[in-house]
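**Q** model this:
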Amino acid sequence: MENCVGERNHPLFMAYLALQLVVLLWGLHLAWSGLRFFQPWGLWLRSSGLLFATFLLLTLFSMVAGLLLASHVYLVASNTTTWEFLSSHRIAYLRQRPSNPFDRGLARNLAHFFCGWPSGPWETLRAEEEEEEEGEGGGQAV
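**A** Sure, this is the predicted structure:
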């Protein structure tokens, strides 16, 4: 792809992964349909060995593409970035909260991602944090 995956091209990346998985599964089906198992082992290996190796390679690539697609579907469903998922213990706004502050529920997360429905701006989260910090002080004058 030679490109970073970010907010503006993430839906295209998901479509790319889905299409890649469909093509790999189609190739897997074609390779499997070409294999014939009614020959002695030595003859079968000479006639179908390359096709079987292709089948195994396509199986591996299909599993990788499927797992990558599944992990991105999970991230989209929870409205989380890969960085937030892997490093939540390092990020201040995630460390202080028991749950993801950007999660708006499955339906709204998916609608925002695939349809571009607006969600709250990031600045709102910062304003909420500042209000909580002021509220914890108990209104004491400095």
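**Q** right, and the helix or strand after the top helix by length along the chain?
**A** When the chain is parsed with DSSP state H, its longest helix is helix 41-77. Using DSSP states H and E, the next helix or strand after helix 41-77 towards the C-terminus is helix 82-86.
**Q** low-confidence stretches in this structure?
**A** Using pLDDT under 70 as the threshold, the predicted model of the chain has low-confidence ranges 1, 41, 44, 117-142.
**Q** swap in 80 and give it another go.
**A** Judged against pLDDT under 80, the low-scoring parts of the chain cover residues 1-3, 5-8, 35-49, 88-101, 116-142.
**Q** what helix or strand is residue 13 on?
**A** Residue 13 is located in helix 10-34, with elements delineated by DSSP H and E.
**Q** okay, the angle between that helix and helix 41-77?
**A** An angle of 160 degrees separates the directions of helix 10-34 and helix 41-77 when computed by axes from the mean of the first three to the mean of the last three Cα atoms, to 10 degrees.
**Q** helices or strands up against helix 10-34?
**A** In terms of contacts (3 or more Cβ pairs under 8 Å, 6 or more residues apart in numbering; DSSP states H and E), helix 10-34 is packed against helix 41-77, helix 106-115. For every residue, glycine as well, the C-beta is placed using N, CA and C.
**Q** of all those helices, which one comes closest to residue 94?
**A** Nearest to residue 94 among the helices and strands packed on helix 10-34 is helix 41-77 (13.9 Å), distances taken as Cβ to Cβ.
**Q** now the closest one against helix 106-115, angle please.
**A** What separates the directions of helix 41-77 and helix 106-115 is an angle of 100 degrees, with the same axes, to 10 degrees.
**Q** return the distance of stretch 79-86 from the chain's centre.
**A** On the basis of Cα atoms, centre = their mean, to the nearest Å, stretch 79-86 sits 10 Å off its chain's mean C-alpha point.
**Q** in that stretch, what counts as buried?
**A** By neighbour count, and taking 16 or more other Cβ atoms under 10 Å as the criterion, the buried residues in stretch 79-86 are 79, 80, 84.
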